[in-house]
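>>> 3D model of this:
(chains A and B)
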Amino acid sequence: MNSMNTGSIRPPSNPKTLSPTVFWRLAEDIPKPLNTLLVATSIGLPLLIWWLVTTFGNVDPKFLPSPARVLEAFGRLWGTRELLKDTVASLWRVGVGFLLAVALSIPIGVLMGSFASIRALLEPLFGLMRYMPAPAFIPLLILYLGIGEEPKITLIFIGVFFFNSLMVMDTVKFVSKDLIEAAYTLGGDRWQTLTQVIFPHVLPGIIDACRINLAAAWQLVIVSELIAATEGLGRRISVAGRFLKTDEIFVGLIVIGIIGLTFDLLFQWLLRVSCKWASQKR
Amino acid sequence: MYLQITKLHKNFETKSGTLVVLKDINMSIERGEFICAVGASGSGKSTLLRQIAGLDLPTTGEVKIDGVRVQGPGPDRGMVFQHYTLYPWMNVQENAEFGLKLQSWSKRERRERASYYLSVVGLTKFAKSLPKELSGGMKQRVAIARALASEPKVLLMDEPFGALDIHTKESMHEFMLDLWERTNITIFMITHDVEEAVFLSNRIYALGARPGTVRKEISIKLPERTHTVKRQSVFHDYRDELMDLLRGHSQEALAVAS
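Alright, predicted model coming up:
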């Protein structure tokens, strides 16, 4: 062992140690000011580059409009109330499709996670359905349901239901067997154990699964509107593209992004207030 | 006999055939006794406790409590697990009440009963705390209060102090003896810690391993139950006898495994 160290650059009395760092600490928090700076950079830097490119880059605004033009287009669309109408239409479709899917997938997912019998019955089918991309159902949905609201809501339902069921099922795996058996030794029957031990235990996981799948629902509503709709944010982008109104495409994209992010933050807040016990403070 | 285990055998089916985990276990426990079953790993002691709790049923033989055959889990056999099993979303009071809630007690009655047992384990001040705010020893005391709240015929304990540091463990031992004297409850505890068993119990079943069998039954008669007794030769004699019993068997087990 010693002979290996002779002649090495590092003296043998100085074993390798971790050098201190702030930026690269694994699984630890960073100081608040640095955090604020990095968050601001994350949004600010792309905006700055966008502004620089459009101001000094001599780019055709039909190809890339400046932030000012996009803001102007936003004002225009807002003034005519078109933007609001589109947003409400998209939100309504997501709301109905997502809520229906969630209302059904939560109990089914919990049952699949809790009972091997239900799992054997449903998991193969759901596993298969999950790998069929929801947009691939659009032709069928139009064939069966026409081009009204039903096919769009059904598309969102398909896209959320199978994923959410399987994700909720997975959260049940993390309930330790001891917690379940403790309930039995305290006099609980299976139904009580399901509703009073398993369900509260997986509730934070369920909220998180719903948060992730709402993002999928939000994407699907835009996709469905790109194909056939008279109003909606997806429709707005599609029409703007046809008339080369690039600034309106940008308005549509940014509004879609901000609404999605707002949903995400809402769910995170819901998780924090409803499941204080599960806060992930390290 | 209060708790009677008769000709209990337990087999597990594995890929390589039938594994005999418990072989011809016979035990008789009187009301109010503090019994420890001591064994090395492979002695099937956890499996034995699960048969008494009714979480698992024997292949042949039976467990009877107060004359009634055990056919499933129930609150008449309170259980304290090796791992912490408090429900993390309930505070200490709600955890202590949970068994009574499952048994459909009224809100007022279960609050009174649970509060009483929280005071028995000395945790009244922590009623509003969440389990994650408690130390390991306190968590196990809540688990004991939760099991006692159903006033079980026997308290089953599965190496409840295995995860605790030595000082916490010692104070839990004193706590258990004090609790046992005050409540007159029947306790059946399994452990691999020989000193723990000698210090706490009236009677010890020493288990042999692979398959789990009762090797010897030893009645413990100590002049006193304080920590100084651990320095006396009578304590050492019990300990050494048990250590020799277990040592021999774990070496046999190693020889079989290799």
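
>>> how about A:L34, what does it touch?
A:V22, A:F23 (C-beta atoms under 8 Å, 6 or more residues apart in numbering or on different chains). The way it works is simple: take the backbone N, C-alpha and C, and place the C-beta from them, glycine included.

>>> what's it sitting at in phi/psi?
phi -60, psi -40 (degrees, to the nearest 10).

>>> how far away is it from A:A40?
11 Å (C-beta to C-beta, to the nearest Å).

>>> do I have it right that B:V70 meets B:G54?
Yes. The pair B:V70 / B:G54 is scored as a contact, 4.7 Å apart, by C-beta atoms under 8 Å.

>>> mind listing the shared neighbours of these two?
B:V63, B:R77.

>>> so the residue lying closest to B:Q51 once chain neighbours are set aside, which state does it fall into?
The shortest distance from B:Q51 to any non-neighbouring residue, by C-beta to C-beta, 6 or more residues apart in numbering or on different chains, is to B:P58 (5.2 Å). Three-state assignment for B:P58 (DSSP: H, G, I helix; E, B strand; the rest coil): coil.

>>> just to check, B:P58 is in contact with B:I52?
No. B:P58 sits out of contact with B:I52 when judged by C-beta under 8 Å, with a separation of 9.9 Å.

>>> for the chain, give me the ranges with low pLDDT.
Reading this off chain A. A:1-13, A:280-282 (pLDDT under 70).

>>> hmm, I had chain B in mind actually
B:249-258.

>>> hey, where'd the helices end up in it?
Assigned by DSSP state H, chain B shows helices spanning B:45-53, B:92-102, B:107-120, B:136-148, B:166-183, B:194-200, B:233-257.

>>> ok, the third one near chain A or not?
No. Judged by C-beta under 8 Å from any C-beta of the partner chain, helix B:107-120 makes no contact with chain A; its nearest approach is 11.7 Å.

>>> contacting residues for the spatially most central residue of chain B?
Central residue of chain B (C-alpha atoms, centre = their mean): B:M157, 1.9 Å from the mean position. Each residue near B:M157 by C-beta under 8 Å, 6+ apart is listed here: B:M79, B:V80, B:I187, B:F188, B:M189, B:I190.

>>> B:T226 and B:Q232, how far apart?
10 Å.

>>> try B:K45
On the measure of C-beta to C-beta, B:K45 and B:Q232 end up 27 Å apart.

>>> who has more neighbours, these two?
Remark: of B:K45 and B:Q232, B:K45 carries more neighbours, 25 against 12, as counted by other C-beta atoms under 10 Å in any protein chain shown.

>>> pretty sure the more buried one contacts B:D193?
No. At 11.7 Å, B:K45 does not count as touching B:D193 under the criterion of C-beta under 8 Å.

>>> which neighbours do these two share?
Common neighbours of B:K45 and B:D193 (C-beta under 8 Å, 6+ apart) are B:V38.

>>> name the helices or strands packed onto the host helix or strand of A:L261?
A:L261 belongs to helix A:246-274 when elements are defined using DSSP states H and E. If you count contacts as 3 or more C-beta pairs under 8 Å, 6 or more residues apart in numbering or on different chains; DSSP states H and E, helix A:246-274 packs onto helix A:67-79, helix A:82-114, helix A:199-227, helix A:233-242.

>>> what does chain A put close to chain B?
A:176, A:178-179, A:181-189, A:192, A:196-197, A:200-201, A:275, A:277-278.

>>> and the buried ones among those residues, selectable in PyMOL?
Entered in PyMOL, the line below selects the buried ones among these, by 16 or more other C-beta atoms under 10 Å in any protein chain shown:
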select buried, chain A and resi 179+181+182+183+184+185+186+187+188+192+196+197+200+201+275+277+278
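
>>> contacting residues around stretch B:123-135?
A:277, B:84, B:86-88, B:90-93, B:95, B:115, B:118, B:138-139, B:141-142, B:145, B:168.

>>> out of these, which are buried?
For the contacts of stretch B:123-135, a neighbour count by 16+ other C-beta under 10 Å gives the buried set as A:277, B:84, B:86-87, B:90-93, B:95, B:115, B:118, B:138-139, B:141-142, B:145, B:168.

>>> what sits closest to A:L47 if chain neighbours are left out?
Per C-beta to C-beta, 6+ apart, closest to A:L47 is A:P67, 6.8 Å.

>>> need the contact list for residue 246.
All of this is about chain A. Neighbouring residues of A:T246 by C-beta under 8 Å, 6+ apart: A:P61, A:K62, A:F63, A:L64, A:P65, A:A240.

>>> oops, chain B please
B:L246 touches B:V38, B:G39, B:A40, B:H192, B:V194, B:A206, counting by C-beta under 8 Å, 6+ apart.

>>> correct me if wrong: B:S219 contacts B:S201.
No. With contact defined as C-beta under 8 Å, B:S219 does not reach B:S201; the gap is 9.3 Å.

>>> between those two, who's got more neighbours?
Per other C-beta under 10 Å, whichever of B:S219 and B:S201 has more neighbours is B:S201, with 24 against 9.

>>> in stretch A:200-218, what counts as buried?
A:200-211, A:213-214, A:216-218.

>>> how much distance is there from that stretch to the middle of the chain?
Mean-position distance between stretch A:200-218 and its chain equals 9 Å (C-alpha atoms, centre = their mean, to the nearest Å).

>>> also stretch B:129-137?
Between the centre of stretch B:129-137 and the centre of its host chain there is 21 Å, according to C-alpha atoms, centre = their mean.

>>> can you count the residues close to whichever residue of the stretch 1-150 of chain A sits closest to chain B?
Closest residue of the stretch 1-150 of chain A to chain B, C-beta to the nearest C-beta: A:V110 (15.8 Å). Residues near A:V110, counting by other C-beta under 10 Å, number 23.

>>> repeat that for A:S90.
A:S90: 27 neighbours (other C-beta under 10 Å).

>>> so it makes contact with A:L226?
No. In this structure A:S90 lies outside contact range of A:L226 using C-beta under 8 Å: 11.4 Å.

>>> shared neighbours of these two, anything?
A:G234.

>>> quick one on the thing from earlier: so which of the helices of chain B comes closest to A:I30?
helix B:136-148 (31.3 Å; C-beta to C-beta).

>>> who are the packing partners of that closest one?
strand B:77-80, helix B:92-102, helix B:107-120, strand B:154-158, helix B:166-183.

>>> chain A contacts on the stretch 1-150 of chain B?
Neighbours of chain A within the stretch 1-150 of chain B, by C-beta under 8 Å from any C-beta: B:53, B:55, B:72-75, B:77-79, B:81, B:83, B:85, B:87-89, B:98-99, B:101-103, B:130, B:132, B:143, B:146-147, B:150.
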